[in-house]
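Peer 1: All I have is the shape, not the residue letters:
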């Protein structure tokens with residue numbers, strides 16, 4: 001169960017991290033000349049450093065405190081840090097692009113992954129929907145990599161799963177750097193219309 005609960009702790013930690021730190025950089029006269037990409041990476045760096053520390057603490061705690069059996073503890077800790085890096089990227093991109101809706105999507109993704117990543121029971125006994133989304137969830141590949149570190153390496157499975165996890169990183173960076181601008185414009189228009197209704 002260690003890979004599943006470690007992943008769960010890291011993802012929840014990413015959501016809490018986004019809730020604690022302010023997302024947007026204050027724009028004043030000193031910020032003149034900085035483009036959206038620079039502002040994105042300026043705040044991103046803070047989240048990534050704290051996220052890596054978080055992943056390190058979670059996995060180091062797993063190997064030291066509860067006495068988890070682990071064949072490759074250093075790779076287990078490294079994998080936890082990689083997972084945290086990818087997860088915080090995903091959560092940060094969703095939140096900075098979609099605002100509060102992005103935070104809600106992050107929580108929904110967490111719920112889907114808890115049920116559909118095969119962490120607590122074999123995916124073969126899950127409903128059809130979860131079997132269909134199983135390969136598309138970050139938890140699936142991060143848990144597989146962590147299991148390799150816990151139980152022992154088999155051929156190139158560990159590196160293949162980390163490579164698949166890296167695909168999620170590339171997608172989140174693409175959304176955050178390329179698609180974010182049109183998404184923000186769409187969000188602003190939606191917020192304007194919502195304010196006109198006097199509901200919020």
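Peer 2: Received, thanks. Bear in mind that the values here come from a model prediction, so they are computed numbers and not experimental data.
Peer 1: what's the longest helix in the chain?
Peer 2: With secondary structure taken from DSSP state H, the chain has its longest helix at helix 36-64.
Peer 1: Tell me which other helices or strands the helix or strand following that one touches.
Peer 2: Beyond helix 36-64 on the C-terminal side, the first helix or strand identified by DSSP states H and E is helix 73-98. Taking 3 or more CB pairs under 8 Å, 6 or more residues apart in numbering; DSSP states H and E as the contact definition, the neighbouring helices and strands of helix 73-98 are helix 2-20, helix 36-64, helix 100-116, helix 138-151, helix 157-174, helix 180-196. Just so you know, the C-beta spots here come from the backbone N, C-alpha and C atoms, and that holds for glycine as well.
Peer 1: So what's the model's average confidence on helix 73-98?
Peer 2: Mean pLDDT, computed over helix 73-98, is 90.
Peer 1: Work out the gap between it and the centre of the chain.
Peer 2: How far helix 73-98 lies from its chain's middle: 5 Å, per CA atoms, centre = their mean, to the nearest Å.
Peer 1: Just want the angle from that helix to helix 2-20.
Peer 2: Direction vectors for helix 73-98 and helix 2-20, defined by axes from the mean of the first three to the mean of the last three CA atoms, to 10 degrees, enclose an angle of 40 degrees.
Peer 1: Report the spatially nearest residue to the residue nearest the centre of the chain, omitting neighbours in sequence.
Peer 2: With distances taken as CA atoms, centre = their mean, residue 87 lies nearest the centre of the chain, 1.6 Å away. Excluding the flanking residues, the one nearest residue 87 by CB to CB, 6 or more residues apart in numbering is residue 14, at 4.7 Å.
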